[in-house]
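1. structure for this input, please:
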Amino acid sequence: MTGGNNLHVRTTDAPETPVFARRFVALFVDDDAVWTLIVKEAVRHNTAIQLRVARSVAEAEASLRDVIPDVVLLDMHLGDGYGMEAFGRFKAIPGMSAVPIIALTADTVAERSTQAKALGFAEYWSKPIDVLRIADDLVRAAGLSPHRSAP
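-> Here you go, the predicted model:
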């Protein structure tokens, strides 16, 4: 995703949501209350997404043992761990090996993106990100395709 400098929040009619065979689960792992609110708002109108939130690596691991999501959006700097290290711990949980994990960071060091991709992250999103595209980009990253409804 590419970022922009402004936060845009839709306050009028919600965009038309694609129809999926089932809801899909996205786990967002971030200890920042503002980013949690932004992501919740960004996916609120997409009824296909069931968003779970964890505020730490420990909470995320507990969530992953309870429900295997279709995609994980993982902040790289958490109070109880670093995303690169958490990645390996998450992938070791039964059922998680094929789940795409997206790195989310404010870190602008170019080598970090290369390191994340080499480790196996599906994508590397640098903040600021285009909040209007979060829901669609999560669906795309999860590899899910909507069923087209008749016009």
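
2. so how far is Phe121 from Pro100?
-> Here Pro100 is placed at a distance of 8 Å from Phe121 (Cβ to Cβ, to the nearest Å). All C-beta spots, glycine's among them, are computed from the backbone N, C-alpha and C.

3. of those two, who's got more company?
-> Phe121 (21 against 18; other Cβ atoms under 10 Å).

4. quick one, what contacts that one?
-> By Cβ atoms under 8 Å, 6 or more residues apart in numbering, Phe121 lies in contact with Phe87, Ile101, Ile102, Ala103.

5. where does it land in three-state SS?
-> Here Phe121 is recorded as coil under DSSP: H, G, I helix; E, B strand; the rest coil.

6. which stretches of the protein have low pLDDT?
-> The chain contains residues with pLDDT under 70 at 1-22, 145-151.

7. would you mind confirming that Met84 is in contact with Leu74?
-> No: using Cβ atoms under 8 Å, Met84 is not in contact with Leu74, being 9.6 Å away.

8. re earlier: among the contacts of Phe121, which one sits closest to Arg140?
-> Taking Cβ to Cβ as the measure, Arg140 lies nearest Ile102 of the contacts of Phe121, at 10.5 Å.

9. how about the helices in the protein?
-> Along the chain, the stretches classed as helices by DSSP state H are 33-43, 57-66, 83-91, 110-119, 134-141.

10. so who does the residue nearest the centre of the chain touch?
-> Residue closest to the average C-alpha location in the chain (Cα atoms, centre = their mean): Leu73, at 2.6 Å. Going by Cβ under 8 Å, 6+ apart, Leu73 touches Ala26, Leu27, Phe28, Val29, Asp30, Val39, Ile102, Leu104, Trp125, Leu138.
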